[in-house]
Structure formats: C-alpha cells, structure tokens
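Trainee: from the sequence below, what's the structure:
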Amino acid sequence: MASRTKLAPVEPAFREEGSGRMDRLRPNSIGLAGVLFMVVASAAPITAMTGNIPASVAIGNGVGAPASYIVVTVILGLFSIGFVAMARHITAAGAFYGFISQGLGKVVGLASGSLALVSYIAFYATIIGIFASFANSVFADQLGVSIHWTAFAAVGILAIGILSFFEISLAAKVLGVLLIAELGILALMGVAVLFSGGGPDGIPLDPVDPVNAFKGVAPGVGLVFAFFSWVGFESTAIYGEESRNPRRIVPRATYIAVIGLGLFYAFVSWMAISGTGLGQSVTASETDPFQLFLGPVQQHLGTFGENTYQWLLVTGSFAAALAFHNCAARYLYAFGREAFVPRALGKTHARHGSPYWANVVVGVSCVLITLAFALEKMDPYAGQYALMGILGTLASVSALAICSFAVIPYFLRKKREDFHWFRTLVAPLTSGLAIVVVVVLLLENLDVAAGTASSTYFFQLIPWIVLATFVLGAGLALYFRAARPEIYARIGRIIFRDDGDEDAPLAPYDAEQFAAAGSNGSGPVGRGVHRT
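Mentor: Below you'll find the predicted structure:
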C-alpha cells in the first residue's frame, strides 16, 4: 500500500538567483467561474455565431451548419476525456506543451508547444482584426463617426496590454461582464424565435439532423468553421497554475466549456436559421451574411436589440482578444522559465504575478502583424481575420490531434495504475483520428475558407508556416539535446501539481528530477509526492 511522505521541494530552474523569489504565476487567483470566463470568452460566442455560421451556410454544409456543432461536440467531448485525465496529473501554463512532452517526448513536445504558441498569437491578431472591423462599422452606422480601423486596433491592443499587466483576476472580472452580456442577447434571440414558432418554415429539424452536417457545397468547410468556434477551450489547463483548485477546476471547466458551448451553439444557430427560413438563410448568408443573425434580432428584439447586438459584437471580440493575449503570454512565459527563449520572458511581476515581459512581446507581435496588413491595405475582416484565423486554426487543430495521441503512451508508460481502456485509450485515439480528418479537410478547403484572401501570397505560405514552426521547434529540441543537455532536461518538466489532496496548495517540482529521485531513492523531489 502506498504511503505519503512529505519531502523537500525542488529548487526550480526558474527561481531567480540570489533573490530567493520564485518567478511563478500568482496562485489561487481565480476560481471555476474565472477560468470559465477566460475560456468561453476566447471562443467568442457572439463573434463565432455571427462570423462563422453565415460562412458555413453559404460555402459549407448549408442549413446543416448547426448539426456541425453537434458532431464537433462529440469529437471534442471524446478529446476532453483524455485531456482531463492528464490534467489531473499535470498542471502547467503551457498545457499542450507540457502534456505532449510528458506523453510523446521532449522533441515532439517542444515542436507542438511552438505550434500552440503560434496559434494563440495568430488568434490574438485574428480577433483584433474583427474587433477593429466591428468597431469601425458601429461607430460609422450608429454614431456617424468615420475612424480608420487601425485606430480601433491600436486602442484595443493598448487596453489589453494594460489589463494583462495586472493579476489575472482583473481580466477575468472584465471578461465575465462582457461574456454574460453577449451570451444573454444570443439566448434572448434564440428563445424569442422558439416561442414565436420560428419563421417561414416554422422550427424545422433539418438544421440539427447530424446527417446534414455532411451535406452541402463543402461539408468539410462547415466542420472546420465549427472547430474554429471552439478555439481556446483547452486553455482551461493553461490557467491551472493560477486557479484555486486545478484538479477540480480544470476538468469541470473543460467539460462545461465543451458541452455547454456545443449545446448553446447548436441551439442559437438553429434558431437563427429557423427565424430567417431555410431558403432565405442561404440567400442571406451569400449576400449579406450578418443579416442571418441581425434579421431575427431586429424582428424579435427590435431596433434597440439590434443596436445592442452590434455593440456587443465589439465588446465580445475585445473579450476574446484579451483571452487569447493571456493564453499566448502564458505559453511564452512557460518557454521563458525553461530558458528556451530569453529568461526575462519567464519572469513574473513581483506584485501582480503576471508574466509582464511575455505580455509585452505578445502585444508587440500583434502590433507588427496588424501594421503589416494595414500597409498592404487589406481589409481587417476579409484579410487579417480570415488569414490569421486560418493560420491559427491549422496550427491549433494540429496540436489538438497530437495531444490526443500523447494521452495513450503517458498512461501506458508513466501512469499505468490509472490506465483505463476507454478514458485513456479509446476516447483519445478516436478523437485524435477524427481531428486528423479535420486537418485534412482544412488543407483541402483552405482556398474556400479564405475567400477573396486566397489570392494573396501570405495565404500560399500558411501550410508551410505551420510545418516550419513544428520543424523548427523539433530542431531546437534536438540542438539542446546535443549542445545544451541541461536545458534539454527541462523541456516540459517544470510543472506544478499537488500532493493528492484536492484542497492543498500547488507545490513546484521538476518532473525530471523527480524521476531520477524515484529511481535511486535520493535527490530532491516535489512536495507531497507519493512513494511506495
């Protein structure tokens, strides 16, 4: 029978020499609600519905678009089973990076972590693009003020930089208010359509028939847009180090985000199509996409509701951009504290516990990307939103598939006592294969998804950027293995976990040192580690 022995904590590699202060994110900063606000805000429900559903209806699986969300909910639900199983053992700011490093090795781990970092920076720039586009339209339509979209982008990036400087709880509170507002108006529209009996065709069942998810002009595009609507849900694990009870909060937040968003997306998109009418939905999506949602909102909630909806498109996209900025900064912080990038990026603010230098780098990166699109005179929606969104989705979904497969060897080799034939084998294997199919569909339909932006040179580079990111990450790991073994030893190993007591505070330890200690019975290991 295993007994618990409290042992001295490891001196982590990211402790600042001579200061006695450990550069770590502020623990116990947010609870379940805070994590959910950060995660669901990154999915940007109002932006996902208004921007993705019309595209799915017009060029994807037609009125079967809501069914895509049912199919993807099942796939991501299966993914979450294995993801949550690993999250009960590993808590780290670089979620995919830490999980894959532990399951498939350090080379694949650093390569996949690089993909995740690029995807979050790309998504941040993506949402800044659509935020600027929405703000530009709303100010012109409702206030009669014409301001260039780059001014809104600059204000958004600056405001996000300021909010991210302080501890994560402040961002969570801001996101909570904005998120409740956007979910509220979407729900009001859906309920109003339902209780009014729908539109010209009543409340048809065709949109939620799973078979129709695989029909239409290009059903693969519809499925890809559905996946795009969930981007960032895996960031539940990214905030584990800052949550009050990660072993409880991360699993709960993950399941709520996946299943809750899936049901919500399916219902809201179903009601939007029902309120507009089947044939009319296709026509509207092809000619005036935003009317697929603005039409039912205006009809059932009036002009005030329509105006409010448009303002919430602005605040909702701002909330999503703030969430993605925080995700990218925490990945960069994870790399910095393990010394793969300058160590300054792995430092946290002494008072707020925020990764302030990583925040600066992420913000500057977004400024440079936005400037590049502005100098090319590209539209923030058709250009920056479309192209950076495709880049981020391809990188993110690829990392998602690799993470699914990482679950299996982790439990076969390292946690055999917790291996389960369904949770840690069938579920991750099935979801991994399904996500690979989505990656293939995305590659086959890149030009359709990009629309008019598919004629740009940057569009042609997107698959190669993703491939180069993975190869460079793997190459960097191989270089460290050959030339800097002390750095290589830390890849994916500086993590936080507790001692089995779900109410105990997290204790830092280096899993590489823990493994060595476990094999020879000596050396420093993490606090509260079980020994046999």
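
Trainee: so where's the stretch 351-500 of the chain shaky on pLDDT?
Mentor: Across the stretch 351-500 of the chain, the ranges flagged by pLDDT under 70 are 351-353, 494-500.

Trainee: hmm, 50 instead?
Mentor: Within the stretch 351-500 of the chain, the stretches with pLDDT under 50 are 498-500.

Trainee: ok, the chain next?
Mentor: 1-22, 498-532.

Trainee: show me where it has its strands.
Mentor: Under the criterion DSSP state E, the chain contains strands at 3-4, 494-497, 507-510, 530-531.

Trainee: burial of the closest residue to Gln142 other than its chain neighbours, as a residue count?
Mentor: With sequence-adjacent residues excluded and distances taken as C-beta to C-beta, 6 or more residues apart in numbering, Gln142 is closest to Asn307, at 6.1 Å. (Glycine included, C-beta is placed from N, CA and C.) Residues near Asn307, counting by other C-beta atoms under 10 Å, number 16.

Trainee: and Asn307, how far is that from Leu186?
Mentor: Distance of Asn307 to Leu186, computed by C-beta to C-beta, to the nearest Å: 15 Å.

Trainee: over to Ala284?
Mentor: For Ala284, the distance to Leu186 - C-beta to C-beta - is 18 Å.

Trainee: which one's more surrounded, the two?
Mentor: Taking other C-beta under 10 Å, Ala284 and Leu186 do not tie; Leu186 has more neighbours (27 against 23).

Trainee: wait, the more buried one touches Ile46, no?
Mentor: Yes - with contact defined as C-beta atoms under 8 Å, Leu186 counts as touching Ile46 (6.0 Å).

Trainee: give the buried residues for stretch 274-284.
Mentor: In terms of neighbour count (16 or more other C-beta atoms under 10 Å), stretch 274-284 has its buried residues at Ser274, Gly275, Thr276, Gly277, Leu278, Gln280, Ser281, Val282, Ala284.

Trainee: once you drop chain neighbours, what's closest to Tyr309?
Mentor: What sits nearest to Tyr309 in space, not counting adjacent residues and going by C-beta to C-beta, 6+ apart, is Val297, at 4.9 Å.

Trainee: hang on, Gly216 packs against Asn61?
Mentor: Yes - using C-beta under 8 Å, Gly216 makes contact with Asn61 at a distance of 3.5 Å.

Trainee: what sits in contact with each of the two?
Mentor: Common contacts of Gly216 and Asn61 (C-beta atoms under 8 Å, 6 or more residues apart in numbering): Gly222.

Trainee: and those two? which has more neighbours close in?
Mentor: Per other C-beta under 10 Å, whichever of Gly216 and Asn61 has more neighbours is Asn61, with 27 against 22.

Trainee: so that one makes contact with Ala226?
Mentor: No - using C-beta under 8 Å, Asn61 makes no contact with Ala226, being 9.2 Å away.

Trainee: what's the overlap in contacts for the two?
Mentor: Residues touching both Asn61 and Ala226 (C-beta under 8 Å, 6+ apart): Ser68.

Trainee: quick one: contacts for Ala43?
Mentor: Counting by C-beta under 8 Å, 6+ apart, Ala43 has contacts Ser229, Trp230, Val231, Gly232, Phe233, Ala257, Leu261, Ala320.

Trainee: out of those, grab the one that's most surrounded.
Mentor: Neighbour-wise, the contacts of Ala43 (other C-beta under 10 Å) top out at Ala320, 32 neighbours.

Trainee: and the buried residues of stretch 274-284, which of them are in helices?
Mentor: Taking DSSP state H as the definition of helices, the buried residues of stretch 274-284 contribute Ser274, Gly275, Thr276, Leu278, Gln280, Ser281, Val282, Ala284.

Trainee: show the contacting residues for the closest residue to Asp209 other than its chain neighbours.
Mentor: In space, and not counting its chain neighbours, Asp209 is closest to Ala67: 5.8 Å by C-beta to C-beta, 6+ apart. Applying C-beta under 8 Å, 6+ apart, we find Ala67 in contact with Asn61, Pro207, Val208, Asp209, Pro210, Val211, Asn212, Ala213, Ala266.

Trainee: same deal with Gly176?
Mentor: Shown in contact with Gly176 (C-beta under 8 Å, 6+ apart): Ala33, Gly34, Phe37.

Trainee: go again with 6 Å.
Mentor: Gly176 sits next to Phe37 when contact means C-beta atoms under 6 Å, 6 or more residues apart in numbering.

Trainee: then Leu110?
Mentor: Gly473, Ala477, Ile491.

Trainee: adding neighbour count and distance to Leu163 as columns, could you present those in JSON lines?
Mentor: Below are these laid out as JSON lines (neighbours: other C-beta atoms under 10 Å; distance: C-beta to C-beta, whole Å):
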{"residue": "Gly473", "neighbour count": "25", "distance to Leu163": "29"}
{"residue": "Ala477", "neighbour count": "25", "distance to Leu163": "33"}
{"residue": "Ile491", "neighbour count": "24", "distance to Leu163": "31"}
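
Trainee: now, those that are in helices?
Mentor: Gly473, Ala477.

Trainee: Phe37: neighbouring residues, count only.
Mentor: Other residues within reach of Phe37, judged by other C-beta under 10 Å, total 24.

Trainee: is Leu32 in contact with Ile249, as I believe?
Mentor: Yes - if you go by C-beta atoms under 6 Å, Leu32 and Ile249 touch, sitting 5.0 Å apart.

Trainee: the more surrounded of the two?
Mentor: The neighbour count for Leu32 versus Ile249, taken as other C-beta under 10 Å, is higher for Ile249 (23 against 17).

Trainee: who's in contact with Gly262?
Mentor: Here Gly262 is in contact with Tyr69, Thr73 (C-beta under 6 Å, 6+ apart).

Trainee: and the one 5 residues further on, by the same measure?
Mentor: Under the criterion of C-beta under 6 Å, 6+ apart, the contact list for Phe267 reads Gly190.

Trainee: against Gly31, how distant is it?
Mentor: As judged by C-beta to C-beta, Phe267 and Gly31 stand 27 Å apart.
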